[in-house]
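Peer 1: my questions are about this predicted structure, shown below with the sequence.
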Amino acid sequence: MKARIFEIMEKAKYRDIPSLIFDWSLVILISLNVFSVILESFSTLKLRYLGLFSSFEFISVIIFTIEYLLRIWTSDLKYPRRNRSISILAFMFSGMAIIDLLSILPFYIPLATSIDLRVLRVLRFTRMLRILKIGRYSASMALIGRVLKRSKSDLVVTLFVTFLLLLLASSLMYYVENPVQPDKFPNIVASSWWTIITLTTVGYGDVYPVTVLGKILGGVIALFGIGLVALPTGIISSGFMEEIRLKNQSEVKKNKVCQHCGKPIDDN
């Protein structure tokens with residue numbers, strides 16, 4: 001029974017009807033939860049249908065809690081270890097398990113302890129994380145996860161270079177513009193706001209250089225920003241191309257179909 005429950009909760013295999021029903025039921029429930037959070041942001045709707053929203057939230061949390069506990073129970077099948085406690089810890093510290101926990105915590109924390117209502121509002125935002133639970137059942141989100149995992153070292157290097165450029169540009173603009181615009185460029189940290197909107201080519205126009213040297217630096221930094229934005233885009237794009245190529249190769253081997261003409265390959 002435990003093995004069958006584990007199979008049902010995992011992504012549905014071909015023609016496994018109970019598992020397919022379970023997957024789609026959770027996907028629909030998650031989608032309705034996200035839709036409910038959006039509707040609650042309208043004060044008129046929240047006041048009118050407060051009881052309905054509360055009941056739906058209670059039922060959803062109960063279902064998600066049961067799912068979380070069942071995944072803990074079957075964690076030794078997903079993470080086979082000699083010690084069952086290690087299997088449970090391996091599951092609890094996995095990415096999806098953390099998302100599962102964060103999606104239900106805002107409901108239980110106020111019941112366990114008194115908490116500032118302002119903090120509670122922030123905690124309730126984590127309900128939106130329930131949409132990430134769809135990643136278990138979505139091939140597209142799984143593909144994005146594999147691409148980011150494959151490209152993480154390159155993306156880390158890009159982020160480090162971005163940070164260095166941000167720090168350097170903010171420092172230069174501070175020393176150049178602070179004498180004439182002390183309110184706009186009061187320190188390096190505040191100057192980083194201008195650097196961010198310039199490097200990303202957004203340019204809100206609320207803060208801008210007025211000195212000749214500042215304008216020259218601003219133009220150079222903006223040109224750097226064009227290339228900087230293209231770096232992670234190119235890395236992720238190449239990662240997608242590689243994943244699609246590997247997927248096509250896997251399907252060709254599995255189905256023994258020619259990737260050029262689409263005809264079955266004769267083993268003889």
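Peer 2: Now that the structure is in, tell me what you want to look at.

Peer 1: okay, CA-based contacts and neighbour counts for the rest of this
Peer 2: Noted.

Peer 1: please enumerate the helices of the protein.
Peer 2: 2-9, 17-40, 43-48, 50-73, 75-78, 84-92, 95-112, 117-125, 139-150, 152-177, 188-199, 212-255 (DSSP state H).

Peer 1: now do the last one against helix 188-199, angle only.
Peer 2: Helix 212-255 and helix 188-199 are oriented at 60 degrees to each other (axes from the mean of the first three to the mean of the last three C-alpha atoms, to 10 degrees).

Peer 1: helix 212-255 vs helix 152-177, what angle?
Peer 2: Using the same axes, to 10 degrees: helix 212-255 against helix 152-177 is 170 degrees.

Peer 1: same for helix 212-255, what does it pack against?
Peer 2: helix 139-150, helix 152-177, helix 188-199 (3 or more C-alpha pairs under 8 Å, 6 or more residues apart in numbering; DSSP states H and E).

Peer 1: rewinding a little: can I get the helices of the chain in TSV with distance to residue 205, mean pLDDT and mean neighbour count?
Peer 2: As requested, the helices of the chain are exported to TSV (distance: least, C-alpha to C-alpha, whole Å; pLDDT from 0 to 100; neighbours: other C-alpha atoms under 10 Å):
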stretch	distance to residue 205	mean pLDDT	mean neighbour count
helix 2-9	51	88	15
helix 17-40	31	87	16
helix 43-48	33	88	12
helix 50-73	41	91	15
helix 75-78	52	88	19
helix 84-92	46	88	17
helix 95-112	38	81	16
helix 117-125	30	57	12
helix 139-150	33	76	15
helix 152-177	15	88	17
helix 188-199	9	89	20
helix 212-255	12	81	15
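
Peer 1: what's the closest of these to residue 131?
Peer 2: Nearest of the helices of the chain to residue 131, taken as C-alpha to C-alpha: helix 17-40 at 6.0 Å.

Peer 1: and that closest one with helix 50-73, angle?
Peer 2: Using the same axes, to 10 degrees: helix 17-40 against helix 50-73 is 140 degrees.
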